[in-house]
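Peer 1: task: produce atomic coordinates for the following.
(chains A and B)
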Amino acid sequence: GENVEQHPSTLSVQEGDSAVIKCTYSDSASNYFPWYKQELGKRPQLIIDIRSNVGEKKDQRIAVTLNKTAKHFSLHITETQPEDSAVYFCAASYRGATNKLIFGTGTLLAVQP
Amino acid sequence: AAGVIQSPRHLIKEKRETATLKCYPIPRHDTVYWYQQGPGQDPQFLISFYEKMQSDKGSIPDRFSAQQFSDYHSELNMSSLELGDSALYFCASSLDRGDNEQFFGPGTRLTVL
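Peer 2: Alright, predicted model coming up:
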């Protein structure tokens, strides 16, 4: 079945620095790759997503890149702020009977003021 | 804008008891997904429904069952509860089974004592 690996599991950066989180998926049929930010005890919130027909997408300080050949996708956050501190999950959509999401194991991002 | 509603928000049960979690999708959304998130874990797909029919099944124990009703709300029924069932249960909804965004509800925190 589909598997998504995510690295690193924890990431500490200074305020203003950039943060990069990487994911690898196993099923080449996957065609939708969202990124979620989750604060403790709260729901996952979509921050950006990318589809397999696009190589890069940017929204203000957040960007996502996709390499379909290598089955890699990455989240880039620039000019980090303390409020960016949270757990970030990548996910891949499994093209089967439904659009169920297979999540990576998460990255705890800590932005030090 | 209307969001996904889940009830109850918190639930405490004893081992071997039963629990029913409810999900009300965003109006006009026809697909509902259930995810289970254990402490420090990523969300795991349980089951999904499209137009009131089960469309996919993930790692859902046989002790759990779910259905989607004519008004599109969904219920997750959990019997013979075990300590390991303690988790956050998220419902998400989307419009059709394409590559569309899944909108997550606030979750139900289930604690089994």
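
Peer 1: what segments of chain B are strands?
Peer 2: All strands of chain B, identified by DSSP state E, fall at B:5-7, B:10-13, B:19-24, B:31-37, B:44-50, B:53-57, B:64-68, B:74-78, B:87-94, B:103-104, B:108-112.

Peer 1: rank those by pLDDT, which is bottom?
Peer 2: For those, mean pLDDT drops lowest on strand B:53-57, to a mean of 91.

Peer 1: for chain A, what are the nearby residues on chain B?
Peer 2: Contact residues, chain B versus chain A (Cβ under 8 Å from any Cβ of the partner chain): B:31, B:33, B:35, B:41-45, B:48, B:50, B:55-56, B:58, B:88, B:90, B:94, B:97-102, B:104-107, B:109. Yep, even glycine has a C-beta here, placed from its N, CA and C like the rest.

Peer 1: what's across from B:Lys57 in the sheet?
Peer 2: Applying DSSP bridges to B:Lys57 gives these bridge partners: B:Ile47.

Peer 1: just checking, it touches B:Phe49?
Peer 2: No. Contact between B:Lys57 and B:Phe49 fails when scored by Cβ atoms under 8 Å: they sit 10.4 Å apart.

Peer 1: which of the two has more neighbours?
Peer 2: B:Phe49 (24 against 14; other Cβ atoms under 10 Å in any protein chain shown).

Peer 1: which residues does the more buried one contact?
Peer 2: Shown in contact with B:Phe49 (Cβ atoms under 8 Å, 6 or more residues apart in numbering or on different chains): B:Thr31, B:Val32, B:Ser55, B:Ala66, B:Gln67, B:Gln68, B:Ser74.

Peer 1: show me the contacts for A:Val87.
Peer 2: So A:Val87 contacts A:Lys37, A:Gln38, A:Glu39, A:Leu40, A:Gly106, A:Thr107, A:Leu108, A:Leu109 (Cβ under 8 Å, 6+ apart).

Peer 1: filter the residues you listed down to the ones close to chain B.
Peer 2: A:Gly106.

Peer 1: in a markdown table: the contacts of A:Val87, plus secondary structure.
Peer 2: Formatted as a markdown table, the contacts of A:Val87 follow (DSSP: H, G, I helix; E, B strand; the rest coil):
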| residue | secondary structure |
| --- | --- |
| A:Lys37 | strand |
| A:Gln38 | strand |
| A:Glu39 | coil |
| A:Leu40 | coil |
| A:Gly106 | coil |
| A:Thr107 | strand |
| A:Leu108 | strand |
| A:Leu109 | strand |
